[in-house]
Every structure is written in C-alpha cells, then in structure tokens.
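1. Here is my input, please return the structure:
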Amino acid sequence: MSKIMNLYRLSHKAHQAKIPFVPYILSRIIRLMFSAEIPYSCELGEGVDLIHGGLGVVIHPKARVGKKTKIYQNVTIGGREGRGHPNIGDKVYIGTGACILGGITVGDNAKIGANAVVIQDVPEGGVVVGIPAKVIKIVEYDKK
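-> Just a heads-up that it's a prediction; the model follows:
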C-alpha cells in the first residue's frame, strides 16, 4: 500500500473511532505532502490505488470509491452545486484529469477516459470519454 493510502487509512480509522484532531492533522499532512485532498470522511475500498502518489486528486468528503479502483493524477471526484456526491463501484479505472461530478453512480468495471467530465451515471462495464462523457462501449465481464 502506498504512503498516501496508509495516511488516509489511519485518518479514516481515527475518524471512525471519534479521536479528536488526529484525522484533521493527517488530512493536512496528505495535502502538504502529496498535493491531494483526500478527506478522512470519504470511503475508499480495499485495494484502491492512487497512481503517481495521488498527485492532484480531489475527493468529496462523502464520496464512496469501491474496491480495487485505480485513480490516476489530477482526478476530481466531487459534488456539483448541491447535487450530491459520486458513488464509484469496484474495479473502476479513472484516467488522468477526469472529473466525476454530482450524485452519480459509476458501475463496477467501468473505465473513464482521461479528461472525461462525467455528469451522468455510468453502467457496469461502461467505457466513457469526452466532455460531457458519453458511453462509447460496454464490456461484459465474468462475474467470478
């Protein structure tokens, strides 16, 4: 597990245990060391990989990211003018510079292209690209 994920996991556990100040201090360390905004209150599943040390990644405090998701640099997983926060499935690939905005759901095994702006739900196995992002393909995955 990367250093940034170790710090996030520690801050998230401290937040869940209601330990005062520690989660905030650790989130500030993440911001200073990695130029990333990864709040202790967001939920990152097991095996989430922040490629390139999470450089420039911004995640909404209430966002949920599923297991084994790969997130490249300069990705924003955020709100959209009071329209909720993203819910990202398992084994999702999120390319460099992508923005996933609002109360949307990204299905398992989806792939989000570099610099895509996702403002609508992405189906399971969907491949999306563009501004705004559009589904260009749906890949069937073995559910084993």
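2. chain center to stretch 56-63, what's the gap?
-> Averaged C-alpha coordinates place stretch 56-63 at 6 Å from its chain's average position (Cα atoms, centre = their mean, to the nearest Å).
3. looking only at pLDDT, what's the mean for it?
-> For stretch 56-63, mean pLDDT is 95.
4. Straight-line length of it, end to end?
-> Across stretch 56-63, the terminal residues are separated by 17 Å (Cα to Cα, to the nearest Å).
5. Can you point out the buried residues in stretch 116-135?
-> Residues of stretch 116-135 classed as buried: 116-118, 121-122, 124-129, 133, 135 (neighbour count, 16 or more other Cβ atoms under 10 Å). C-betas here are computed from N, CA, C, even on glycine.
6. what stretches of the chain score poorly on pLDDT?
-> By pLDDT under 70, the weakly predicted segments of the chain are 1, 142-144.
7. Can you tell me how far the residue nearest to Glu140 when sequence neighbours are not counted is from Ile77?
-> Nearest residue to Glu140 in three dimensions, chain neighbours excluded: Gly125, at 6.2 Å (Cβ to Cβ, 6 or more residues apart in numbering). Distance of Gly125 to Ile77, given as Cβ to Cβ, to the nearest Å: 20 Å.
8. Name the helix or strand for Thr96, please.
-> For Thr96, there is no host helix or strand (DSSP states H and E).
9. Quick check: phi and psi at it.
-> Main-chain dihedrals, Thr96, degrees, to the nearest 10: phi -50, psi 130.
10. so it touches Asn115, yeah?
-> Yes: Thr96 is within contact range of Asn115, at 7.2 Å (criterion: Cβ atoms under 8 Å).
11. Please report the distance of Ser2 from Ile104.
-> Counting by Cβ to Cβ, the gap from Ser2 to Ile104 is 26 Å.
12. Using the three-state scheme, assign the residue of the chain positioned farthest from its centre.
-> Most distant residue from the mean C-alpha position of the chain: Pro20, 25.0 Å away (Cα atoms, centre = their mean). At Pro20 the chain is in coil, as set by DSSP: H, G, I helix; E, B strand; the rest coil.
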